[in-house]
Structure formats: structure tokens, C-alpha cells
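Engineer: Below is the sequence, then the predicted model.
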Amino acid sequence: MDSEYIFDYRMLRGRIRSVIGTERELAKEIGISKTSMSNKLNNQSFFNPVEILKIKDLLDIPDKEVSIYFFNQKIRKTEKELVDG
């Protein structure tokens, strides 16, 4: 996993809870294991394009909002300190 890319999945986790209920249920719906889902949400692996499309459809995420849920990069503490000065 390229540590240069760390994504913030808080909005996605909230949408999962409000629409599906649990990450385990979503994993089952898209055909991956609970462990695989956990790894993706914890930045240990990436969602592939097909998984993103399936999740987008299941959670009724509008096309224009996909990047908010899947590509919102976290700012690491050291980067934040540099920005804040």
C-alpha cells in the first residue's frame, strides 16, 4: 500500500451505517470478506473500481459525490503542521 495516499472514509462509514447497517453487511452485498472491507476502510488496501461502483449503487451515492466518499485524502499530522505553520 502506498502510504502517500491515505483516505478519510468517515463519510463512507456513516453512509454505510445509515443505509445498510454494518460494514459486514455491505461486504457481503458486494462479494468481499469482512476482513477485506475492514482493510480497505483502514487504508491497508484500496477499493477497486467495480467495488466502488457497487457500493455507490447500494448506498445510493450520486455520481458527483463519489469522490467525497472514496477519494477524500487525510492530511497527516506532519503535513497539517506544515500547512498551519
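Structural biologist: In hand now; what should we look at? Numbers count the residues shown, from 1 in each chain.

Engineer: how long is stretch 9-27 from one end to the other?
Structural biologist: One end of stretch 9-27 sits 15 Å from the other (Cα to Cα, to the nearest Å).

Engineer: how many neighbours does residue 19 have?
Structural biologist: Neighbours of residue 19 under the rule other Cβ atoms under 10 Å: 14. (Each C-beta comes from the backbone N, C-alpha and C, glycine too.)

Engineer: Which residue lies closest in space to it, excluding its sequence neighbours?
Structural biologist: Distance criterion Cβ to Cβ, 6 or more residues apart in numbering; nearest residue to residue 19, sequence neighbours excluded, is residue 59 at 4.9 Å.

Engineer: Would you list the phi and psi of the one you found?
Structural biologist: Dihedral pair for residue 59: phi -100, psi 0, per degrees, to the nearest 10.

Engineer: ok, now how distant is it from residue 51?
Structural biologist: For residue 59, the distance to residue 51 (Cβ to Cβ, to the nearest Å) stands at 12 Å.
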